[in-house]
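Chemist: what shape does this take:
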Amino acid sequence: MKVLVAVKRVVDYNVKVHALADGSGLDVDGKPAVRRSLNPFDEIAVEASVHLKETGAADEVVAVSVGEAKAVDTLRVALAMGADRGILVHTDAKTEPLGVARLLKAVVDREKPDLVAVGKQAIDDDAGQTGAMLAALMDAPFGANANSVELKDGALYVSSQTVDGTELRKLSLPAVFAADLRLAEPRYVTLPSMMKARRKPVETIEAETFGADFAPQLKITRYDAPPARKAGVMVGSVAELVEKLRCEAKVL
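Modeler: Residues are numbered from 1 along each chain as shown. I've put the predicted structure just below:
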């Protein structure tokens, strides 16, 4: 049983990103360099994948990332968490969910995993599309917003929280699932585990080798910061609050 888990290098969640003065992009490549880290939802996907291996449900966990050479650092974190080896699909070009899904599909064709794990979304673009697109390209079932996963009797059982309650799905393998926040608590990566991760193999493959079309298909015209929030208003009673909600905010 092989699990392929996709990870992405993003701007760290503790960093407040600002738009450039001319609105042409985000100020993330200046000096000092903006801190980057493993996408939090992908970190949860890695933890869930490693847990499947530790419980004997899986035999190998392979981490894969699409991006620039520095994404190797992100793969090393996944290896330190317990992944067995890493694959970097190297490209310096800007990528979008569909292009990444196509490249991941090429890796899936090469590796033949039984299960593919992704994060629900990346915190840089919040698209939440790559996992579903990959499943469609694979013609495989997709477990969205997974808050629990279990491999049993040759199938994947995925539990998801919906507005109506909990939904349990049985997916035939190979399958793709997207990790939600409730799925797992990522382990703390220690210095010794990072040192051990440096001895694990990481293979670099040029994206063009796969022949997949990963050229951007969207054009962003401008970046602007959201408007500043107005100061709140203190009210003296519930009646006054209701009156303001009805007459000023017009939400009642």
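Chemist: rest of the way, CA atoms for contacts and neighbours
Modeler: Will do.
Chemist: tell me where the stretch 101-250 of the chain has helices.
Modeler: All helices of the stretch 101-250 of the chain, identified by DSSP state H, counting those that start in this stretch, fall at 130-138, 191-197, 238-247.
Chemist: could those be laid out in a markdown table, adding distance to Ala225?
Modeler: What follows is the helices of the stretch 101-250 of the chain, written out as a markdown table (distance: least, Cα to Cα, whole Å):
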| stretch | distance to Ala225 |
| --- | --- |
| helix 130-138 | 26 |
| helix 191-197 | 37 |
| helix 238-247 | 27 |
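Chemist: need the winner for burial among those.
Modeler: Greatest average neighbour count among those goes to helix 130-138 (a mean of 21), per mean count of other Cα atoms under 10 Å.
Chemist: in JSON lines, list the helices of the stretch 101-250 of the chain along with distance to Ala19 and mean pLDDT.
Modeler: Shown next, in JSON lines, are the helices of the stretch 101-250 of the chain (distance: least, Cα to Cα, whole Å; pLDDT from 0 to 100):
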{"stretch": "helix 130-138", "distance to Ala19": "25", "mean pLDDT": "96"}
{"stretch": "helix 191-197", "distance to Ala19": "33", "mean pLDDT": "93"}
{"stretch": "helix 238-247", "distance to Ala19": "33", "mean pLDDT": "90"}
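Chemist: mind giving me the packing neighbours of the host helix or strand of Leu98?
Modeler: For Leu98, the enclosing helix or strand under DSSP states H and E is helix 97-111. In terms of contacts (3 or more Cα pairs under 8 Å, 6 or more residues apart in numbering; DSSP states H and E), helix 97-111 is packed against helix 130-138.
Chemist: and the helix it packs on, how far out from the chain middle?
Modeler: 13 Å (Cα atoms, centre = their mean, to the nearest Å).
Chemist: pull the contacting residues for the residue nearest to Phe177 when sequence neighbours are not counted.
Modeler: Counting by Cα to Cα, 6 or more residues apart in numbering, Phe177 lies nearest to Gly143, which is 4.3 Å off, once chain neighbours are set aside. By Cα atoms under 8 Å, 6 or more residues apart in numbering, the contact set of Gly143 is Val158, Arg169, Leu171, Ala175, Val176, Phe177, Ala178.
Chemist: I'd say the fifth one and Leu137 touch.
Modeler: What that stands for is Val176. No. Counting by Cα atoms under 8 Å, Val176 sits too far from Leu137 to count as a contact (11.0 Å).
Chemist: which residue packs closest to Ala132, ignoring adjacent ones?
Modeler: Counting by Cα to Cα, 6+ apart, the residue nearest Ala132 is Phe142, at 6.5 Å.
Chemist: between the helices of the stretch 101-250 of the chain, which one is nearest to Ala69?
Modeler: helix 191-197 (16.9 Å; Cα to Cα).
Chemist: and the closest one, what does it pack onto?
Modeler: Against helix 191-197 (3+ Cα pairs under 8 Å, 6+ apart) you get helix 71-81.
Chemist: tell me which residues in the helix it packs on are buried?
Modeler: By neighbour count with 16 or more other Cα atoms under 10 Å, helix 71-81 contains the buried residues Ala71, Val72, Thr74, Leu75, Arg76, Val77, Ala78, Leu79, Ala80, Met81.
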